[in-house]
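Undergrad: Return a 3D structure for these sequence lines:
(one chain, ligands or ions: 1)
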Amino acid sequence: MKHYDIESWALYRNNRIDENQRRLMENHLAVCDSCLKSYLAAAAKYEIRLGELLLPPDFNVAVNESIKIKKQQAARRRRSRSLANYTVAAAITLALMSGGIFDLCTRELPDILASTQHLSRAIEQTAHWDTGQLLETARAQLEKLRENKEE
Ligand SMILES: [Zn+2]
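TA: So this is what the prediction gives:
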């Protein structure tokens with residue numbers, strides 16, 4: 001089997017061969033792994049050169065610079081956010097401690113939890129009732145509208 005070198009594949013990639021040659025090379029490319037590698041290498045070389053032509057010369061420097069700035073901004077934001085979280089948590093803890101809420105919790109928590117369960121059940125029932133009521137009201141309003149139109 002006759003193989004093609006990387007220069008031939010570069011010509012193929014850049015459309016610098018005649019139709020006959022193109023067909024031959026495509027048929028070969030379909031069955032030859034080694035030439036597929038050469039073709040991909042030639043194509044990659046071409047794409048990189050094209051990229052270098054299209055991008056400004058300081059593109060890498062500019063990208064690296066903006067990545068560095070973004071990282072610094074993110075770190076600064078994270079630091080200030082965690083400080084704010086800590087301050088809020090400390091303030092809440094102090095407020096609760098001074099109010100004796102922790103003592104209250106250990107004493108009353110079981111009762112509070114039990115009544116919360118009752119409460120959530122009550123809320124659920126009310127919500128169901130409210131939804132039904134809401135639909136009923138909406139239907140009554142629509143009916144009234146239709147009657148008004150027919151008059
Ligand atoms: Zn080959």
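
Undergrad: Tell me the confidence at R121?
TA: On pLDDT, R121 comes in at 73.

Undergrad: Can you give the distance of the one helix or strand it maps to from its chain's centre?
TA: Using DSSP states H and E, R121 sits in helix 101-150. Here helix 101-150 is found 36 Å from its chain centre; the criterion is Cα atoms, centre = their mean, to the nearest Å.

Undergrad: Over to stretch 37-46?
TA: Using Cα atoms, centre = their mean, the offset of stretch 37-46 from its chain centre is 33 Å.

Undergrad: So it, near the ion or not?
TA: No. Counting by Cβ under 5 Å from the ion, the ion is not contacted by stretch 37-46; separation bottoms out at 7.5 Å. Bear in mind the C-beta positions are built from the backbone N, C-alpha and C, glycine included.

Undergrad: Let's see that stretch as CSV, backbone CA atoms only.
TA: Output in CSV follows, covering the C-alpha atoms of stretch 37-46 (Å, rounded to 0.1, in the frame of the first residue of the first chain):
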residue,chain,number,x,y,z
LYS,A,37,-2.7,10.3,11.9
SER,A,38,-0.7,12.2,9.3
TYR,A,39,-3.8,13.9,8.0
LEU,A,40,-4.9,15.0,11.5
ALA,A,41,-1.3,16.2,12.3
ALA,A,42,-1.3,18.3,9.0
ALA,A,43,-4.8,19.6,9.7
ALA,A,44,-3.8,20.6,13.3
LYS,A,45,-0.7,22.3,12.1
TYR,A,46,-2.8,24.3,9.6
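
Undergrad: contacts for that stretch?
TA: H3, Y4, D5, I6, E7, W9, A10, Y12, R13, N14, L29 (Cβ atoms under 8 Å, 6 or more residues apart in numbering).
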